[in-house]
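**Q** Requesting a structural model of the entry that follows:
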Amino acid sequence: MNRLISTLVFLVLMLSSKAQEKPLLTIGNEHITIEEFDYVYNKNNVLVNEPVSKADYLELFVNYKLKVTEAVAQGYDTVPSFINELDYYRNELAKPYLTDEKASEDVLKEAYDHMCYELDASHILINLPKSPGPEDTLKAYNRMADVKRQLDEGADFEQMVLKYSEGPSAKQSNGRLGYFTAFMMVYPFEKAAYNTPVGEVSPITRTSFGYHLIKIHDKRKNKGEVLVAHIMKAYPYKAHPTIQNQSKIAIDSIYLKLQNGASFDAMVAEYTDDKQSIAKNGQLPWFGTGKMVPEFSQAAFALSTNGEISAPVKTKFGWHIIKRLDARPIKSLEESRDDILQKIRRDERAFAGKKATIKRIKTENDFKLNTSDFAQLKELTLLHSKGDKSTLLEYLISAKLKPASFADVIISSEDFAHKAFSFNLPEEGLSEIDFQYVWDGYLENVIIEYEKSNLEKKYSEFKHLMNEYHDGLLIFEISQKEIWNKASLDSIGLNQYYQEHLDDYLLKEHFEGTLYYCRTKQAFKAIKKLLSKNSKLDNSSLPEELADQVMIKQGRFFKGDESLLDKQVWKTKTAITANDYPFLLKTGKRVDISVQPLEMIQGQVISDYQTELEKQWVNKLKEKYKPIINTFAL
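**A** Presented below is the predicted three-dimensional model:
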């Protein structure tokens with residue numbers, strides 16, 4: 001019996017091994033592995049609430065690869081714009097992989113130390129252009145140096161902001177940035193800020209934006225994160241005070257009900273204007289300092305116990321009542337590690353370990369300096385670095401020196417000549433320090449380029465990412481031709497599709513017009529009288545004494561949207577009245593069910609037509625390439 005079980009296990013393992021040897025998918029001469037499928041499948045399902053099975057996802061994957069195959073067949077991968085864009089993405093993706101682990105660990109710990117605290121700061125910014133030359137850099141630095149001198153002599157920081165700063169916060173908030181923590185500012189700015197004591201001003205700090213001076217007003221321990229729910233009465237950005245006041249009246253009424261024992265969840269369901277959070281009883285995602293507008297954040301963190309409810313809070317979006325659900329402190333370093341590393345890869349600090357990386361690559365690849373040839377290279381360069389650059393290049397090329405080597409790379413004086421001297425030589429020639437600077441820069445570039453060329457071999461994740469960008473760019477280009485442009489430009493085909501699918505574009509019976517909700521019978525009568533004279537009555541034309549007595553809604557209303565309207569238009573037997581506005585007047589008309597005109601829903605029809613074109617195109621590709629799927633590999 002044991003021998004039989006062993007034999008069966010052996011056979012299962014052998015069959016599994018054979019399945020792994022076969023490609024999952026074959027399209028023409030291309031073989032796609034189960035490893036690539038698993039990578040794409042796992043990546044696209046990790047954040048999905050209801051992940052699809054591998055069997056269901058396989059069809060999407062096959063369609064995806066068919067499009068890539070067709071794009072290559074049509075030569076999209078040879079177009080210069082594609083090659084250049086893919087090369088750009090490759091360089092960007094390579095950056096995080098060119099950092100030494102020890103250096104990365106030091107940077108990670110520094111980032112966590114910063115995360116443990118929040119800083120309140122102001123800054124002065126002198127801008128630099130996107131590609132500054134030496135003159136631009138010197139001019140901007142000298143201007144900032146003058147500002148720093150004045151501050152050192154006792155000038156007021158805020159006055160210096162108003163007088164000199166070119167940053168957007170200068171006019172908005174006198175340079176005040178509010179509280180922030182790690183990863184919320186560019187790294188050089190963050191590092192300078194955290195290295196500056198409270199009450200003092202940082203040294204002049206350069207970032208990609210320009211030169212900064214940073215004043216630290218406060219440093220406090222990170223409060224962690226808070227989980228809240230809210231009820232919101234919204235108003236448009238920079239809305240008229242009358243409209244803002246309507247939201248204030250509504251939120252005060254809700255707050256009073258809560259104080260009298262009403263259920264928070266019930267109030268959310270009935271009154272909130274935040275439709276995205278209504279399904280979760282008003283709950284928002286966890287957030288920390290700087291993730292919400294200051295007024296909301298301050299009120300949320302001021303709540304000290306779970307279940308506590310704030311008084312109405314005003315933000316630029318509207319009025320809010322906030323309920324604390326939970327709070328948690330900042331995570332430990334180990335708990336935060338993965339999240340910090342992900343952020344570092346998108347941050348300037350990813351390059352802090354470049355020198356350590358160079359050293360590691362040299363060691364791994366047996367870097368050797370040929371001291372004799374290197375000395376000759378240096379002597380030739382110093383001797384012929386005055387005057388015309390072409391003379392120096394001729395000597396270096398003809399010298400045929402081999403000053404260094406590593407792995408299978410031999411560094412030659414000819415390569416050094418072609419790649420190291422992209423600049424004009426100074427009239428006085430190069431000094432020994434200049435030569436060393438040029439050599440170090442050239443050598444670093446050679447070593448980094450070598451490492452970059454081997455990233456696909458060393459890191460499977462990088463290989464998959466590059467495949468993803470390669471395929472994604474190709475699909476984007478060919479889809480424009482085969483689907484998107486066709487759907488947008490083919491007016492005859494679009495109209496034909498619309499005519500064949502009229503039932504998909506029916507507009508339900510509805511009421512179209514304006515609703516006037518009134519608090520009292522007196523307000524009801526006053527509005528009725530006004531409407532007899534002006535049927536286009538709106539908030540701007542309401543008399544001041546009626547501003548807080550009437551709530552106006554305008555638009556398209558379907559049965560079930562407004563209870564009082566349902567009773568008047570569709571003669572429903574019961575109507576749930578809002579105690580604050582129990583009387584309703586309306587202007588407008590009831591509109592029967594109808595087909596929406598093409599010009600009114602053209603965007604939706606184009607989208608549907610694109611879906612149909614894609615379906616037809618994929619079917620043609622399946623006929624053309626006849627993909628072979630090894631489902632046993634799954």
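
**Q** Next secondary structure after the lowest-mean-pLDDT helix or strand in the chain?
**A** When each helix and strand of the chain is scored by mean pLDDT, DSSP states H and E, helix 2-21 comes last, with a mean of 42. Using DSSP states H and E, the helix or strand that follows helix 2-21 towards the C-terminus is strand 25-27.

**Q** Tell me the strands beside that next one, with direction?
**A** According to DSSP bridges, strand 25-27 forms sheet pairs with strand 30-32 (antiparallel), strand 628-629 (antiparallel).

**Q** Show me the contact partners of it.
**A** Strand 25-27 has contacts (CB atoms under 8 Å, 6 or more residues apart in numbering) with 31-32, 37, 61-62, 65-66, 69, 625, 627-630. (Each C-beta comes from the backbone N, C-alpha and C, glycine too.)

**Q** Please put the alpha-carbon coordinates of the biggest helix by length in the chain into PDB.
**A** Longest helix in the chain, counting residues (DSSP state H): helix 602-625. Extracted in PDB, the C-alpha atoms of helix 602-625 (Å, rounded to 0.1, in the frame of the first residue of the first chain):
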ATOM      1  CA  GLN A 602     -22.300  60.700 -27.500                       C
ATOM      2  CA  GLY A 603     -19.600  60.000 -25.000                       C
ATOM      3  CA  GLN A 604     -21.400  57.000 -23.600                       C
ATOM      4  CA  VAL A 605     -22.300  55.700 -27.100                       C
ATOM      5  CA  ILE A 606     -18.600  56.100 -28.200                       C
ATOM      6  CA  SER A 607     -17.500  54.100 -25.200                       C
ATOM      7  CA  ASP A 608     -20.000  51.300 -25.900                       C
ATOM      8  CA  TYR A 609     -19.000  51.300 -29.600                       C
ATOM      9  CA  GLN A 610     -15.400  51.000 -28.600                       C
ATOM     10  CA  THR A 611     -16.200  48.000 -26.500                       C
ATOM     11  CA  GLU A 612     -18.000  46.400 -29.500                       C
ATOM     12  CA  LEU A 613     -15.000  47.200 -31.800                       C
ATOM     13  CA  GLU A 614     -12.600  45.700 -29.400                       C
ATOM     14  CA  LYS A 615     -14.600  42.500 -29.100                       C
ATOM     15  CA  GLN A 616     -14.700  42.200 -32.900                       C
ATOM     16  CA  TRP A 617     -11.000  42.900 -33.200                       C
ATOM     17  CA  VAL A 618     -10.000  40.300 -30.600                       C
ATOM     18  CA  ASN A 619     -12.100  37.700 -32.400                       C
ATOM     19  CA  LYS A 620     -10.200  38.400 -35.600                       C
ATOM     20  CA  LEU A 621      -6.900  38.100 -33.800                       C
ATOM     21  CA  LYS A 622      -7.900  34.800 -32.400                       C
ATOM     22  CA  GLU A 623      -8.700  33.600 -35.900                       C
ATOM     23  CA  LYS A 624      -5.400  34.900 -37.200                       C
ATOM     24  CA  TYR A 625      -3.000  33.600 -34.500                       C
END
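
**Q** mind checking how far it is from the chain centre?
**A** From the chain centre to the centre of helix 602-625 is a distance of 29 Å (CA atoms, centre = their mean, to the nearest Å).

**Q** Pull out the buried positions in that helix.
**A** Val605, Ile606, Asp608, Tyr609, Gln610, Leu613, Glu614, Trp617, Val618, Leu621, Tyr625 (16 or more other CB atoms under 10 Å).

**Q** Go ahead and produce CSV holding the CA coordinates of the helix or strand containing Glu394.
**A** Using DSSP H and E, Glu394 sits in helix 389-399. Extracted as CSV, the C-alpha positions of helix 389-399 are listed here (Å, rounded to 0.1, in the frame of the first residue of the first chain):
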residue,chain,number,x,y,z
LYS,A,389,39.3,69.5,-27.6
SER,A,390,39.8,67.5,-30.8
THR,A,391,43.6,67.4,-30.2
LEU,A,392,43.1,65.8,-26.8
LEU,A,393,40.7,63.2,-28.3
GLU,A,394,43.2,62.3,-31.1
TYR,A,395,45.9,61.6,-28.6
LEU,A,396,43.7,59.5,-26.3
ILE,A,397,42.2,57.5,-29.2
SER,A,398,45.6,56.8,-30.8
ALA,A,399,47.2,55.8,-27.4
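
**Q** Please work out the average pLDDT along that helix.
**A** Average pLDDT, helix 389-399: 93.

**Q** Check which element follows that helix along the chain.
**A** strand 404-406.

**Q** average pLDDT for the helix or strand containing Phe37?
**A** If you go by DSSP H and E, Phe37 is part of helix 34-45. Averaging pLDDT along helix 34-45 yields 88.

**Q** just how off-centre is it within its chain?
**A** Computed by CA atoms, centre = their mean, the chain-centroid distance of helix 34-45 equals 22 Å.

**Q** what number of residues lie near Thr572?
**A** Thr572: 14 surrounding residues under other CB atoms under 10 Å.

**Q** How about Thr181?
**A** So Thr181, with other CB under 10 Å, has 21 neighbours.

**Q** before we move on, what about Ser453?
**A** 10.

**Q** Got the confidence number for it?
**A** Confidence score, pLDDT, at Ser453: 92.

**Q** before we move on, what about the one 10 residues further on?
**A** You'll see Lys463 listed with a pLDDT of 92.

**Q** next one: the one 4 residues further on
**A** Asn467 is assigned a predicted lDDT (pLDDT) of 93.

**Q** so it makes contact with Glu36?
**A** Yes: with contact defined as CB atoms under 8 Å, Asn467 counts as touching Glu36 (6.5 Å).

**Q** So for those two, which sits in the more crowded spot?
**A** A direct count of neighbours by other CB under 10 Å for Asn467 and Glu36 places Glu36 higher, at 21 against 16.

**Q** separation between the spatially closest residue to Leu93 that is not a sequence neighbour and Arg345?
**A** Counting by CB to CB, 6 or more residues apart in numbering, Leu465 is the residue found nearest to Leu93 once chain neighbours are left out, at 5.5 Å. For Leu465, the distance to Arg345 equals 11 Å [CB to CB, to the nearest Å].

**Q** can you list the domains in the protein?
**A** With automatic domain parsing as the criterion, the domains of the chain are listed as 1-100+460-492+597-634, 117-221, 226-328, 365-456, 509-592.

**Q** looking at these, which one has the lowest mean pLDDT?
**A** Ranked by mean pLDDT, these bottom out at domain 1-100+460-492+597-634, with a mean of 84.

**Q** how far does that domain sit from the chain's center?
**A** Worked out by CA atoms, centre = their mean, domain 1-100+460-492+597-634 lies 23 Å from the chain centre.

**Q** Same check on stretch 222-231?
**A** Using CA atoms, centre = their mean, the distance from the centre of stretch 222-231 to the centre of the chain it belongs to is 22 Å.

**Q** tell me which residues of it are tucked away?
**A** Judged by neighbour count (16+ other CB under 10 Å), stretch 222-231 contains these buried residues: Asn222, Lys223, Glu225, Val226, Leu227, Val228, Ala229, His230, Ile231.

**Q** Now the third one: phi and psi?
**A** Meaning Glu225. Glu225 adopts backbone torsions of phi -130, psi 160, taken as degrees, to the nearest 10.

**Q** Neighbours of Lys362, how many?
**A** Lys362, neighbours per other CB under 10 Å, totals 17.

**Q** The residue nearest to it when sequence neighbours are not counted - how many residues pack around it?
**A** Spatial nearest neighbour of Lys362, excluding adjacent residues (CB to CB, 6+ apart): Phe406 at 6.4 Å. Residue crowding around Phe406 was assessed by other CB under 10 Å; the count is 20.

**Q** Helix, strand, or coil at Lys528?
**A** At Lys528, secondary structure determined by DSSP: H, G, I helix; E, B strand; the rest coil is helix.

**Q** so what's Ile629 up against?
**A** Listed by CB under 8 Å, 6+ apart, the contact set of Ile629 reads Leu24, Leu25, Leu58, Val62.
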